[in-house]
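Chemist: coords please:
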Amino acid sequence: MSSQRHSLPVGLATALLLAACATADRPTVATDTAQASTEPQKPARAPLSTGRPGAGKPTPFADNEAARTVYFASGEVTVDSQGLEVLRQNAQKLKEDPQLIVVLVGHTDNLGSPAYNLAVADRRTEAVSERLRSLGVPRNQIRRLPLGSEESSKQKCDSEACRRSMRRVDLMYERR
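Modeler: Got it, this is the predicted structure:
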């Protein structure tokens, strides 16, 4: 009897935990195999939401993905002049609204080992973070999430144009 009394709360807690995990926001990847080898497939990216008050306010560049993406050359971890311009615009928005948090999501192409790609993605998010900080963005407004080839390894991508689109850091916004 005693074990039955304790198993109900444990079962409910487990079910709630699993339900919460199943609804976590994760980028999704398009899987149209007809275009897979010729056109890059980009994950559907939407601004992150915290569910807190103010979360309904628009986030910077929500409708302009290019203004929230810094691209990198193969194996490179330095921000080029185009990337710097993107970061200047984003830094301005972050400095204007201290309630904004930017999550730097680092991606790599699907070449190389998972460990190598994760290390490259981490160095890219670090480079973008340092550049934002040099532009006056406080550290407490920046989060890093290096994914490496975690998402890109699921894509069929055998052209250089496709792999080029994978080598990036996305700036995703949420509110405190």
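
Chemist: now Ser74, what's its secondary structure?
Modeler: Following DSSP: H, G, I helix; E, B strand; the rest coil, we place Ser74 in the coil state.

Chemist: and the closest residue to it other than its chain neighbours, what are its phi and psi?
Modeler: Take Ser74 and drop its neighbours on the chain: the residue closest to it by Cβ to Cβ, 6 or more residues apart in numbering is Arg167, 6.6 Å away. (Glycine included, C-beta is placed from N, CA and C.) Here is the backbone geometry of Arg167 (degrees, to the nearest 10): phi -80, psi 90.

Chemist: Could you tell me which residues make contact with Arg167?
Modeler: Contacts for Arg167 (Cβ atoms under 8 Å, 6 or more residues apart in numbering) come out as Tyr71, Phe72, Ala73, Ser74, Glu76, His107, Thr108, Asp109.

Chemist: now Val77
Modeler: Counting by Cβ under 8 Å, 6+ apart, Val77 has contacts Val120, Arg123, Arg124, Glu126, Ala127.

Chemist: where does the protein have its least confident helix or strand?
Modeler: helix 2-22 (a mean of 43; mean pLDDT, DSSP states H and E).

Chemist: helices and strands around whichever helix or strand comes after that one, which ones?
Modeler: The helix or strand immediately downstream of helix 2-22 is strand 69-71, counting by DSSP states H and E. On a contact count with 3 or more Cβ pairs under 8 Å, 6 or more residues apart in numbering; DSSP states H and E, strand 69-71 meets helix 81-96, strand 168-175.

Chemist: what pLDDT does Gln41 get?
Modeler: Gln41 is assigned 43 on the pLDDT scale.

Chemist: Repeat that for Arg52.
Modeler: Confidence score, pLDDT, at Arg52: 47.

Chemist: Mind listing what's buried along the strand or helix carrying Leu118?
Modeler: Assessed by DSSP H and E, Leu118 sits inside helix 114-134. Buried residues in helix 114-134, counted by 16 or more other Cβ atoms under 10 Å: 117-129, 131-132.

Chemist: coming back round to it: return the closest of the contacts of Val77 with respect to Arg88.
Modeler: Ala127 (14.8 Å; Cβ to Cβ).

Chemist: What's the separation between that closest one and Ser159?
Modeler: 26 Å (Cβ to Cβ, to the nearest Å).

Chemist: just Val70 next, same as before
Modeler: 21 Å.

Chemist: more neighbours, the two?
Modeler: Neighbour count, other Cβ atoms under 10 Å: between Val70 and Ser159, Val70 has more, with 25 against 13.

Chemist: can you count the residues close to the closest residue to the more buried one other than its chain neighbours?
Modeler: Counting by Cβ to Cβ, 6+ apart, Gly83 is the residue found nearest to Val70 once chain neighbours are left out, at 3.9 Å. A count of nearby residues for Gly83, using other Cβ under 10 Å, gives 20.
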